[in-house]
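Student: Attaching a predicted model along with its sequence, questions to come.
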Amino acid sequence: MNDKRTSVVIADDDPYLRGLLRLLLRTDEYDVVGEAADGEAALELCSRLCPAVILLDINMPNKDGLQVLDDLNAARYAGKVVLISAEATLDKVKLAVQKGAAGFIVKPFNSGTVLDELRICLQRTG
């Protein structure tokens with residue numbers, strides 16, 4: 001077993017989707033260290049746990065994913081943010097990248113899409 005697993009927080013208001021992502025990440029490479037059902041809880045988890053990656057749904061209660069991304073940037077969060085959304089318009093993807101998202105996953109997704117996007121974003125520097 002790899003002793004250098006990547007810590008991940010999953011933030012999505014859909015418990016089914018959080019469970020699906022948790023199952024997809026059950027590999028030697030990833031360790032799901034927390035889950036959040038809204039933007040405020042996602043910020044609290046990132047502040048407390050400092051995960052290497054947060055999988056962040058755009059449409060969530062309390063704060064949406066783009067607001068959370070802004071707050072993480074203001075807090076100088078060092079991890080990677082991968083946004084997840086069914087609303088993957090070109091404008092929304094461009095905005096996410098401009099705000100510093102390291103990746104974007106379109107719903108519905110499959111396991112290969114999620115794992116590939118994580119691998120790619122973790123290989124990028126900066």
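Tutor: That came through, no problem. Residues are numbered from 1 along each chain as shown.

Student: Check the secondary structure at the residue nearest the centre of the chain for me.
Tutor: Of all residues in the chain, the one closest to the mean position by C-alpha atoms, centre = their mean is L55, 1.3 Å from it. Put simply, L55 is strand when judged by DSSP: H, G, I helix; E, B strand; the rest coil.

Student: surely it meets L21?
Tutor: Yes - the pair L55 / L21 is scored as a contact, 6.0 Å apart, by C-beta atoms under 8 Å. C-beta here means a position set from N, CA and C on the backbone, and glycine is covered the same way.

Student: what do these two both touch?
Tutor: Common contacts of L55 and L21 (C-beta atoms under 8 Å, 6 or more residues apart in numbering): I10, D12, V114.

Student: Adding secondary structure, distance to V32 and neighbour count, write these out as a markdown table.
Tutor: A markdown table is the format used below for the shared contacts of L55 and L21 (DSSP: H, G, I helix; E, B strand; the rest coil; distance: C-beta to C-beta, whole Å; neighbours: other C-beta atoms under 10 Å):
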| residue | secondary structure | distance to V32 | neighbour count |
| --- | --- | --- | --- |
| I10 | strand | 6 | 27 |
| D12 | coil | 12 | 25 |
| V114 | helix | 12 | 19 |
